[in-house]
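Participant: quick check, what structure comes out for this input:
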Amino acid sequence: MNNKKVVITGGFGGIGYALAKRLKDEFDVLILDNKIGENKDNISAIECDLTDPIIEKYISDADYIFHLACIKPTGRGTTKEEYFKNIKMTENLAKYNKKAKIIYASAGTIYGSQDNFPIKENASITCNISDYYCRGKWESEVLLGNYSIKNHWSLVILRVTNVYGPKFRRKGEIIPEFYSNLIRNRKIIVYGNGRQRRDRIFIDDLVEALYLSIPEKIDGIFNIGSGKSYSSIKVAELIGKLVRKKPIFDFYEDNGLKRDDNLLDISKAKSIMKFKPKISFKKGLKIIIKGWIEEKWSF
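Facilitator: Numbers count the residues shown, from 1 in each chain. Below is the predicted model of the structure:
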């Protein structure tokens, strides 16, 4: 261990805890979260509200801060109140950080509607002002950027595409929803025409990208994704093949903000960070569905 201190906000989320396990043998890791979850690895953790100034005493001696904490959208989207909380968490970290390099998990969806794919980091930000989740991610990027210049600490912003993995099975996420419906012989509910394409990255590849952000020579903004995209219809068909069920679709009008196609250009991360996704989407689906079948899990 090199005695460097790493703070991970939202460390009991699916991404945060996977990262904590990856770093615990090399760094002095501290998780900050508003709810302490299962901690089989005995990683240091403190339950706290990141909107409270009390976090200053936990981060003042940090060398690296991975800011992953965020109230994520549900089927109804992110509320205005949740948006303000997300901004306040970021503001507190930026304000009270003394010297740590901050690595912020932003979202590839902040690019909004684009005409050219894959989307490069210099593309214009067109997120809908009423999309409080994407708006919060973008405004957090700006806030962190201003503080890093003012207070002279390093900053890496990772614009991450949709993450999936064995533990990512919240209601509303299409992979666990489609899987559950297929094995129970239920129709696949699709909002919109199901042809909008999404880039998806396996959790292990994202954790590696976060790890590769640590060296001091790495700074700036990077897209993190798999390099390929699939439509909702194609996702259902791929899962159907794995569980030997043919999907039957039931289409509904969009139930919220329309999401356009999204495929990120990851050439900058490949070149500078030496990031290379190892798990293809088809391979990732095989891994998680094999595990769910063995576990006998479904909604």
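Participant: next one: the helix or strand containing Val207 to chain centre, how far?
Facilitator: According to DSSP states H and E, Val207 maps onto helix 203-212. Distance of helix 203-212 from the chain centroid (Cα atoms, centre = their mean, to the nearest Å) equals 11 Å.
Participant: assumed Pro176 was part of a helix.
Facilitator: Yes: under DSSP: H, G, I helix; E, B strand; the rest coil, Pro176 sits within a helix.
Participant: tally of neighbours for it?
Facilitator: Close neighbours of Pro176, defined as other Cβ atoms under 10 Å, add up to 21. C-beta coordinates here come from the backbone N, C-alpha and C atoms, glycine included.
Participant: residues contacting the nearest residue to it once chain neighbours are set aside?
Facilitator: Nearest in space to Pro176, with sequence neighbours left out and distances taken as Cβ to Cβ, 6 or more residues apart in numbering, is Arg169 at 3.8 Å. Taking Cβ atoms under 8 Å, 6 or more residues apart in numbering, we find Arg169 in contact with Ile175, Pro176, Trp292, Trp297, Phe299.
Participant: report how many residues lie close to Pro73.
Facilitator: 20.
Participant: what helix or strand does Ile15 sit in?
Facilitator: Secondary structure assignment for Ile15, by DSSP H and E: helix 14-23.
Participant: how about that helix: buried residues?
Facilitator: By 16 or more other Cβ atoms under 10 Å, the buried positions in helix 14-23 come out as Gly14, Ile15, Gly16, Tyr17, Ala18, Leu19, Ala20, Arg22, Leu23.
Participant: residue contacts, the last one?
Facilitator: With contacts taken as Cβ under 8 Å, 6+ apart, Leu23 has the following neighbours: Val6, Ile8, Val29, Tyr211.
Participant: CSV for these, including distance to Tyr58 and secondary structure?
Facilitator: Below are the contacts of Leu23 laid out as CSV (distance: Cβ to Cβ, whole Å; DSSP: H, G, I helix; E, B strand; the rest coil):
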residue, distance to Tyr58, secondary structure
Val6, 12, strand
Ile8, 11, strand
Val29, 12, strand
Tyr211, 22, helix
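Participant: pull the CA atoms of the top helix by length along the chain into PDB?
Facilitator: Looking across the chain with DSSP state H, the single longest helix is helix 132-151. Taking C-alpha atoms only, helix 132-151 is exported to PDB below (Å, rounded to 0.1, in the frame of the first residue of the first chain):
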ATOM      1  CA  TYR A 132     -32.700  17.600 -14.500                       C
ATOM      2  CA  TYR A 133     -30.300  14.600 -14.400                       C
ATOM      3  CA  CYS A 134     -28.300  15.500 -17.400                       C
ATOM      4  CA  ARG A 135     -28.500  19.200 -16.600                       C
ATOM      5  CA  GLY A 136     -27.100  18.400 -13.100                       C
ATOM      6  CA  LYS A 137     -24.200  16.400 -14.600                       C
ATOM      7  CA  TRP A 138     -23.300  19.200 -17.000                       C
ATOM      8  CA  GLU A 139     -23.500  21.900 -14.300                       C
ATOM      9  CA  SER A 140     -21.400  19.800 -12.000                       C
ATOM     10  CA  GLU A 141     -18.700  19.500 -14.600                       C
ATOM     11  CA  VAL A 142     -18.700  23.300 -15.000                       C
ATOM     12  CA  LEU A 143     -18.600  23.800 -11.200                       C
ATOM     13  CA  LEU A 144     -15.700  21.400 -10.700                       C
ATOM     14  CA  GLY A 145     -13.800  22.900 -13.600                       C
ATOM     15  CA  ASN A 146     -14.100  26.400 -12.100                       C
ATOM     16  CA  TYR A 147     -12.900  25.300  -8.600                       C
ATOM     17  CA  SER A 148     -10.100  23.200 -10.000                       C
ATOM     18  CA  ILE A 149      -8.700  26.300 -11.800                       C
ATOM     19  CA  LYS A 150      -9.200  28.500  -8.800                       C
ATOM     20  CA  ASN A 151      -7.700  26.200  -6.200                       C
END
